[in-house]
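>>> Mind folding the following:
(chains A and B)
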Amino acid sequence: MAKNNSKSAKAKSAVKSTLQFNTSWSYAPAPESADHVKLQSSYDLFIDGKFTAPAKGKYFDTLNPATEKKLASVAEATTEDVDLAVQSARRAYDKVWSKMPAKERGKYIFRIARILQERAREFSVLESMDGGKPIRESRTIDIPLAAAHFFYYAGWADKLEYAVAGNRPVRALGVAGQIIPWNFPLLMAAWKIAPALAAGNTVVLKPAETTPLTALKLAEIFQQADLPPGVVNIVTGAGATGAAIVQHPGIDKIAFTGSTDIGKGIQKALVGRDTKLTLELGGKSANIIFEDAALDQAVEGIINGIYFNQGHVCCAGSRLFVQESVAGMLIRKLQDRMQTLIVGDPLDKNTDIGAINSRPQLEKIEEYLKIGVKEGAELFQTKCEIPKKGFWVRPTLFTNVAQSHRISQEEIFGPVLTMQTFRTVEEVVEKANNTPYGLAAGVWTDKGSKVFSVSSQLRAGVVWANTYNKFDPTAPFGGYKESGKGREGGLHGLLPYLEVA
Amino acid sequence: MSDKIKKFEDKAREKSEAELSQKRLGVMKTYKLYVDGKFPRTESGRYYELKNSEGAILANVCLSSRKDFRDAQTAARAATTKWAKASPYNRGQILYRMAEMLEGRSAQFVEELTSEGLTASEARSEVEQSIDRLIYYAGWSDKYQQVFSAVNPVASSHFNFSMLEPTGVVSLIAPEETGLLGLISMIAPAIVGGNTVVVLASYSKPLGAITFSEVLATSDLPAGVVNILTGTRAELISHMTSHMDVNAISYAGSEEKELKPLQENAALNVKRVSLWKNEMDWSSEESQSPYRILELQETKTTWHPVGI
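Predicted coordinates for the structure are as follows:
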C-alpha cells in the first residue's frame, strides 16, 4: 500500500479486503448439459434384481436444490419392502454369492467399476442435479472415486486371507444393511457396497431421501453387469426406512454414515443383538495453521477444507486455528480468496460452491449464522451474487470465536468456518482435541518434525498434513471418539465386513 | 473321672497359653484399592467380608463407590498421554518386568488363590499361566503396529499411512471366576497398546487382583495406567460404562442383565466394547491374541504431499 494513503484508508484496509474481485472479474456461463441424463418420472425399489413397486404404494419427490424443481418421484420403502429386500439378500447370500468362487465375485465388482467409469458423465451430472454439488467436484471427485472404490475392492475378493494376520480363517458376515447420507450419495454407496461385496456379503442399501437418484442409477449398472439378483438391494425412503433396516432381525451387519445422534441411536438399537456395527459420524475438525506454514497454500487448504461440497462434509475443516503471529495476514488472504468463490448453478463448470442440499439443511445453517452473531462472533460473508431460486449460503467466516461458542462446538454442515488463534503447540492441541468428535484434522507447517509431532497428538482418525480433504480407496477413513467406529477404505475397511475366527 | 478330664484340660490350656505368650504374631494384610499408583481405602469406608469355604474371614475387602471410580478415571485419563507416548520397547519391558515380579512372588499368589478355593496345583497353574500371558503381550508391544498398520498406495501424489493409536481410557470388568488369570488376560492387551484402565476385580476372588497391584507398583508402570477397584458389579458397572470420559469397555461375562445396560451406556458416547464371554477358557490359546490389542486401538490415517 502506497505511503501517501490516508490514515483512514490504512485502518480500513486492515479489516477490509483490498481486492475487489466481483467488479472486474466475470465469467461467461459454462453450463454442463443435462441432456444425456435419462430420468424416469418415477423410481421403484430395487429388490431381487428388479425394480419393484413399494408395498404401500407411497412415493416421495426428490428435488433439484438449485431450482427447487422436482426431478422424479421415488418409492418410499416400508417395513414390508425392507423385509422383502432382506429376504432377497439372504437368499442371494445363501444360494449364490457365498457359494460362488471368490474370483468370480471379484469380477462382478470389477465390471461394476468399469461400467461406472463408462457412464461417469451421466452420473456426474445427475449427482449435481439431485444433490446440488458443483459439477467440477462430482466429475473429478465423487464419480471417479466411486468407480475407484469398486475397482480397489474387486481385487480383494479372492485375497481375503491376506487381509488378516496370523492365518486366521475369515468368512463373510451375511446380509449387510447400509444407510448412507446425502452429501456424497454415489461415493458413499460405493464406500459401503464395494467392501461388503468383496468380503462376500450381500447388501440392503438405503440412500438418503434427498439424494436417491444416483443410487438407483447404480442399480441399473448392477443389472447391466448381470450381478445376481438380490446381491444388492436398494430401498429408498427416509428415517423410518432406515429404522426398519436397523430393526430387521435378518441383518448381520449395519454400516451407517450420518449424524452422531442417529449413530448413537443405532448403536443403542442393536443392543442385545449379534449384529456388527460400523459408524461414520459427525465431526468438527480442526485445521491448524502454524506461522511457519506456506500461507498461500494453507489458504487453499482452508478453502478446500470448509467450502468443498458446500461444507456438507463430515470431515470438513470447520474449526480454523491460526497461530497469532500470522493471524492478521492470514485473515486478509483468506477473505480475498473467499471473495473469488463463485456460488451458483451446480452444473456450471465455473461454480465453486453449489446449492445447499435441502431446505431443512439451509434453515439449520441459517440458524447457526444467527447463533454465531448472537454469541458475539464476528461474521464475514462474501459479496457474491446468489441465484433467486434454490438454497444458497455465501461462504462464511466467523472470527472472534471462543472455544465455548456453539458454532465452534457443534457440527454445522455448511460453508461456515470459525476461526480461533493460538500461541503454542500445547494450546492448539488442547483446543483441537477439546471436542467429543475426532474425525479429521489438518496441520500446516513447513517443518516436518512438527507435522509428525502435532499429528500424533491429535485425536482424529484422519490427519491431513499440508493438504486437506483428500480421499482414496486405499486409505482408511473413520473417526475417533464420537465420530464413529470402524474404518472404511483400504485393508482396514475390509475387516468390518469379515468374521475373523 | 471328670476331675481327671478337668486336670488334663487345664494342663493343655496352660501349655497353649505358654506357647501363645511366646508366639510371633503374623501380620495380616489390609486389602486396599490401587488408584493412581497409591493404595487408598475406599472413600466410602465400606467393606465386605471375604470368607473361605470353611467360613473363616480372609479379608475385609473394600466395597468401592462411584466416587472411587471417578477418582480412578481421573487418574487413568491423566496417565494417557505419558503412557501412549512411552516407546513400545519401554512398554514391552514394563510388561516383562510385571511378569518378573509375579514370578518372584508366585508363592504368595498361590497361597491366596488356594485360600479362595483352588487346589494347590490349580493355583500354581493359574499363576504360571498369568506370568506367561504377560510375557506373551510383552512381546507384542513393538510388533502389533507392524502387523496392523499400512502404507496406502493412494493414486494422488501423497505419502499416506495408517497406524494404530490407543483408544484411551478403558473401563475393565474382570471375570468373576478366574480372579487372577482372567484379570491379567484382559489388562495386558489393553495396556500394551498404550491404553489406561480402571479395573473392577472379581468380587468373590479379589485377593490375586489386589496383590497384583503390588506387582504393578514395582514394575515401573506409571501411576494411573492401571487402577484396580474391588466391589460389586451391581453398584459399579453402570458408572464405569456410562462415564462420558471413558473411551472403551472391556467386559467379561454373559449376564443379560449386565450386558444390556452396559451396551446402552456404551452408545452414550460411542464407546468401543471388547467382550469376553463367560465360557472363555482362560487357559486356552484363544484367550490371547493380537486382535485383543486391536479391539482397543484406533486407526489414524495421515496424508502428506510428496513434492518440493
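>>> tell me the phi and psi of the closest residue to residue A:200 other than its chain neighbours?
Of all residues not flanking residue A:200 in the chain, residue A:172 sits nearest, at 3.2 Å (C-beta to C-beta, 6 or more residues apart in numbering or on different chains). Any C-beta I mention is one placed from the backbone N, CA and C, and that applies to glycine too. Main-chain dihedrals, residue A:172, degrees, to the nearest 10: phi -70, psi 170.
>>> how close does residue A:172 sit to residue A:318?
Separation of residue A:172 from residue A:318 (C-beta to C-beta, to the nearest Å) stands at 37 Å.
>>> now residue B:207
Distance of residue B:207 to residue A:318, given as C-beta to C-beta: 52 Å.
>>> Residue 84: what's its closest spatial neighbour, skipping adjacent residues?
This is for chain A. Sequence neighbours aside, residue A:47 is the residue nearest to residue A:84 in space, at 5.5 Å (criterion: C-beta to C-beta, 6+ apart).
>>> think we crossed wires, I meant chain B
Excluding the flanking residues, the one nearest residue B:84 by C-beta to C-beta, 6+ apart is residue B:194, at 4.1 Å.
>>> Also residue B:292?
Closest residue in space to residue B:292, ignoring its immediate chain neighbours: residue B:189 at 3.9 Å, by C-beta to C-beta, 6+ apart.
>>> The one you found touches residue B:296, doesn't it?
Yes. Between residue B:189 and residue B:296 there is a contact under C-beta atoms under 8 Å: 6.9 Å.
>>> Residues contacting stretch A:267-274, please?
Under the contact criterion C-beta atoms under 8 Å, 6 or more residues apart in numbering or on different chains, stretch A:267-274 has outside partners A:243, A:246-247, A:249, A:252, A:254, A:277, A:279, B:256, B:259-260, B:263-264, B:266-267, B:270.
>>> who in the stretch 1-150 of chain B is up against chain A?
Proximity of the stretch 1-150 of chain B to chain A, by C-beta under 8 Å from any C-beta of the partner chain, involves residues B:147, B:148, B:150.
>>> Type out the ChimeraX command that picks the buried ones from the residues you listed.
Buried subset of the residues of the stretch 1-150 of chain B next to chain A, written as a ChimeraX selection, criterion 16 or more other C-beta atoms under 10 Å in any protein chain shown:
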select /B:148,150
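>>> Just the element for residue 121, please.
Unless you meant another one, I'm taking chain A. If you go by DSSP states H and E, residue A:121 is part of helix A:120-131.
>>> should've been chain B
Using DSSP H and E, the element containing residue B:121 is helix B:120-140.
>>> Run the chain-centre distance for that helix.
The chain centroid and the centroid of helix B:120-140 are separated by 14 Å, computed with C-alpha atoms, centre = their mean, to the nearest Å.
>>> And the nearest residue in space to residue B:99 that is not next to it in sequence, what's its pLDDT?
Sequence neighbours aside, residue B:134 is the residue nearest to residue B:99 in space, at 3.9 Å (criterion: C-beta to C-beta, 6+ apart). Per-residue confidence (pLDDT) for residue B:134: 98.
>>> And residue B:134, how far from chain A?
Residue B:134 sits 20 Å away from chain A, going by C-beta to the nearest C-beta, to the nearest Å.
>>> got a list of what that residue touches?
Residues counted as contacts of residue B:134 (C-beta under 8 Å, 6+ apart) are B:95, B:96, B:98, B:99, B:102, B:184, B:188.
>>> Looking at the residues you listed, which is nearest residue A:74?
residue B:188 (52.4 Å; C-beta to C-beta).
>>> mind listing what the closest one touches?
B:95, B:133, B:134, B:136, B:137.
>>> Tell me the one of the residues you listed nearest chain A?
The closest of the contacts of residue B:188 to chain A turns out to be residue B:136 (C-beta to the nearest C-beta; 13.3 Å).
>>> How about the contacts made by whichever residue of the stretch 401-501 of chain A sits closest to chain B?
Here the residue of the stretch 401-501 of chain A nearest chain B is residue A:472; by C-beta to the nearest C-beta that distance is 3.8 Å. Listed by C-beta under 8 Å, 6+ apart, the contact partners of residue A:472 are A:145, A:148, A:489, B:152, B:154, B:155, B:156, B:160.
>>> Among the residues you listed, which ones are in strands?
Counting by DSSP state E, these place residue B:160 in strands.
>>> From the contacts of residue A:472, list the buried ones, please.
Buried among the contacts of residue A:472 by 16+ other C-beta under 10 Å: A:145, A:148, A:489, B:152, B:154, B:160.
>>> Up against chain B, what does the stretch 201-350 of chain A have?
Residues of the stretch 201-350 of chain A lying close to chain B by C-beta under 8 Å from any C-beta are A:260, A:263, A:264, A:265, A:267, A:268, A:270, A:271, A:272, A:279, A:281.
>>> Go through the residues you listed and give me the one with the most neighbours.
Per-residue neighbour counts (other C-beta atoms under 10 Å in any protein chain shown) across those peak at residue A:281, which has 28 neighbours.
>>> per-residue confidence for it?
pLDDT, residue A:281: 97.
>>> thinking again about what came up before, is it true that the residue nearest to residue A:84 touches residue A:86?
No. Between residue A:47 and residue A:86 there is no contact under C-beta under 8 Å: 9.6 Å.
>>> more crowded one of residue A:172 and residue A:318?
Legend: neighbour count by other C-beta under 10 Å for residue A:172 and residue A:318, higher for residue A:318 (27 against 23).
>>> do you know how far that one is from residue A:306?
Residue A:318 is 6 Å from residue A:306, where distance means C-beta to C-beta.
>>> so who does the residue of the stretch 101-250 of chain B found nearest chain A touch?
For the stretch 101-250 of chain B, the residue closest to chain A is residue B:154, as judged by C-beta to the nearest C-beta, at 3.8 Å. Contacts here follow C-beta under 8 Å, 6+ apart; on that basis residue B:154 touches A:470, A:472, A:474, A:475, B:160, B:303.
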